[in-house]
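[1] kindly return the folded structure for what I paste below:
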Amino acid sequence: MQANSASGMAVHDDCKLKFLELKAKRNHRFIVFKIDEKIQQVAVEKIGSPTSTYQEFTNSLPANECRYAVFDFDFTTDENCQKSKIFFIAWAPDTSRVRSKMLYASSKDRFKRELDGIQVELQATDPSEMSLDIVKGRAL
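    This next block holds a predicted model:
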């Protein structure tokens, strides 16, 4: 576990471990990460099985609280090639607390650097900003 001198945020080893499993073994479809504000640490909150849908992923994000998440998105290109891209999603709904939004925003880049292999970043403040169409558009 390493602390970030700038924001004091630590990243639980499990975050990197689960991300590596998603990236290398593809045994998770998504991971939702939560900052525990009391101990200033990012930890794994929820994991989606390989068969999870994008809808199940979006449903797992709380309506009024910030989260980080990664989603392994499978798609078919115009040339009919099967591909996948790992999305990093910074979820910060307008209804979440200002302090929480600031904490997630200030820790995001540091946390994202811990997850080596992210291909696309998306920031969303409401579900429409991370609709499947937007994700597909960003993946291509």
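[2] residues in contact with Thr76?
    Gln82, Lys83 (CB atoms under 8 Å, 6 or more residues apart in numbering). For every residue, glycine as well, the C-beta is placed using N, CA and C.
[3] if we use 7 Å, what do you get?
    Gln82 (CB atoms under 7 Å, 6 or more residues apart in numbering).
[4] same check, this time on Tyr68
    Residues in contact with Tyr68 (CB under 7 Å, 6+ apart) are Phe33, Ala90, Lys108, Phe111.
[5] repeat for Tyr104
    Contact analysis of Tyr104 by CB under 7 Å, 6+ apart lists Ile35, Cys66, Ala90, Ala92.
[6] from those, pick the one nearest Phe73.
    Ala90 (15.8 Å; CB to CB).
[7] how about the closest residue to that closest one other than its chain neighbours, phi and psi?
    Leaving aside its chain neighbours, Ala90 sits nearest to Gln123 (4.6 Å; criterion: CB to CB, 6 or more residues apart in numbering). Dihedral pair for Gln123: phi -110, psi 130, per degrees, to the nearest 10.
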